[in-house]
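Engineer: coordinates only, no sequence provided:
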């Protein structure tokens, strides 16, 4: 597809501030390079202010060992000095190295101090780590660790203050979304730790504006990834923990933080299965974020209650019957100007039988801008309809989306949901309408195209589901289908083979899916 067309189709959704700051940072960078700019930050009199925190949640990573790191299912050991810019496994792995989440699992204070000090002396070997996003996460983790062990080290404090000052000068206004929220969360920690008003004031400004912008009325984060919902909620609970347990500032922002967390908890409860597992919609995968269960326990410990919400604005719906649960997507892209974690998955759905995964989203296993990433975001990797081998929304470049499907004509009852999207209208003059009919132990899905065209309906099954079970479960009413292998993601850089069916049809299709364990086994 024409790159110029895709570029124009993408930037038209951006905010002016994103374009301005992207140009501003680019020009400023070139000027600073020509003038040999160096940050000169007076941190001689920096004093720390240990913060008090209740026990929080830890991210699901492996056990800590000095100089041995296991991120994204890739383990690496550094025999000598740690290479903080190590990029053999991709930038996300390097980011994880620089997050310092592993400090949450350090049992001996001296081990944590040692690894922080190795970071201090690597001033010329941590350019990636000084980018705003890893700086934000690292700042929170350092403050937690230093406060937990009462480490008042002048060299560490000076360097951390410098990192926060650099972050303040490079806030991610060009990206916005969860990146800017993380900047704000971290500056709040930096403000409390150093009793620094300029960090605190900017944090309050960002969080006040961005939480209002990014948290939908139904409690969902507007990037519509259940995994990022867990990540952002965990950070929000950390900030509630920080503000409620420390007395440096008044608590005027506390109630707002609690209100947002309550609605986010409600959304997470609604989107999760009875087992509290999340569906793998959009950029979601296993073993990255704190679990829903752990977040509920953390919130309860902080006295934050789960608000009752309905999945309206986010566009997700959950149907529960005695035998099964089904979660489906009839929503639009809400984060129009930052859709990087969005997939071309309109009318996607998942289903579980008696709590066990059956029909699943294939998930993600990489953030690298490669063909694998493109396939994982494409329509063919989701349980929906692809027309003429074209995506319903124009995903491209790893984290970009051009023109996108818009959903309309939503009709809902206790037993039926139907909707129409226009993702194929521009290219093929086709509207796609899907209707789900929910019975006690089966679903009937009816797909209709407004004009005749070659189309494919994909259904992806969990790796535990075999071919015999698929044949018993799926009835396409005498329309032929193919059973093929696909790569189901177990997490980043980890896959296993599972089965999918591909149903070829023209204009209309009806599919019945049995969701009774008894019927499938008989």
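Structural biologist: Looks like it came in fine. Remember, it's a predicted structure, so these values are computed and weren't measured experimentally. Residues are numbered from 1 along each chain as shown.
Engineer: where in the stretch 1-150 of the chain is pLDDT low?
Structural biologist: Along the stretch 1-150 of the chain, the model assigns pLDDT under 70 to residues 1, 44, 59-64.
Engineer: with the chain instead?
Structural biologist: 1, 44, 59-64, 518-522.
Engineer: how about a cut-off of 90?
Structural biologist: 1-9, 38-47, 55-68, 80-81, 104-107, 122-126, 516-522 (pLDDT under 90).
Engineer: for the stretch 51-200 of the chain, what spans make up the strands?
Structural biologist: 68-71, 74-77 (DSSP state E, counting those that start in this stretch).
Engineer: quickly compare these and say which is most buried.
Structural biologist: Among the strands of the stretch 51-200 of the chain, ranked by average contacts under mean count of other CB atoms under 10 Å, first place goes to strand 68-71 (a mean of 18). Any C-beta I mention is one placed from the backbone N, CA and C, and that applies to glycine too.
Engineer: which neighbouring elements make contact with it?
Structural biologist: strand 74-77, helix 91-99 (3 or more CB pairs under 8 Å, 6 or more residues apart in numbering; DSSP states H and E).
Engineer: out of the strands of the stretch 51-200 of the chain, nearest to residue 362?
Structural biologist: strand 74-77 (20.3 Å; CB to CB).
Engineer: tell me the gap between that closest one and the middle of its chain.
Structural biologist: Averaging C-alpha positions (CA atoms, centre = their mean, to the nearest Å) puts strand 74-77 23 Å from its chain's average.
Engineer: over to stretch 303-323?
Structural biologist: Distance, centroid of stretch 303-323 to centroid of chain: 18 Å (CA atoms, centre = their mean).
Engineer: adding distance to residue 458, write the helices and strands packed on strand 68-71 out as TSV.
Structural biologist: Listed next are the helices and strands packed on strand 68-71 as TSV, based on distance: least, CB to CB, whole Å:
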stretch	distance to residue 458
strand 74-77	29
helix 91-99	27
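Engineer: how many neighbours does the residue lying closest to residue 147 once chain neighbours are set aside have?
Structural biologist: Of all residues not flanking residue 147 in the chain, residue 50 sits nearest, at 4.3 Å (CB to CB, 6 or more residues apart in numbering). A total of 16 residues lie near residue 50 under the criterion other CB atoms under 10 Å.
Engineer: quick check: residue 50 vs residue 29, distance?
Structural biologist: 36 Å (CB to CB, to the nearest Å).
Engineer: circling back: how about the helices and strands packed on strand 68-71, which one is nearest residue 361?
Structural biologist: helix 91-99 (19.9 Å).
Engineer: list the buried residues for that closest one?
Structural biologist: The neighbour-count check on helix 91-99 (16 or more other CB atoms under 10 Å) flags 93, 94, 95, 96, 97, 98, 99 as buried.
Engineer: mind checking how far that helix is from the chain centre?
Structural biologist: Relative to its parent chain, helix 91-99 has a centroid offset of 16 Å by CA atoms, centre = their mean.
Engineer: do stretch 261-281 as well
Structural biologist: Distance of stretch 261-281 from its chain centroid, counting by CA atoms, centre = their mean, is 13 Å.
Engineer: what about that stretch, how long is it end to end?
Structural biologist: Taking CA to CA, to the nearest Å, the first and last residues of stretch 261-281 lie 21 Å apart.
Engineer: and for stretch 309-323?
Structural biologist: 24 Å.
Engineer: which residues sit against that stretch?
Structural biologist: For stretch 309-323, contacts defined as CB atoms under 8 Å, 6 or more residues apart in numbering pick out 216-220, 224, 263, 266-267, 270-271, 274, 281, 325-332, 334, 353-354, 407, 412, 417, 436, 438-441, 515-517.
Engineer: what do you get if the cut-off is 7 Å, keeping everything else the same?
Structural biologist: 216-220, 224, 263, 266-267, 270-271, 325-332, 334, 353-354, 407, 417, 438, 440-441, 515-517 (CB atoms under 7 Å, 6 or more residues apart in numbering).
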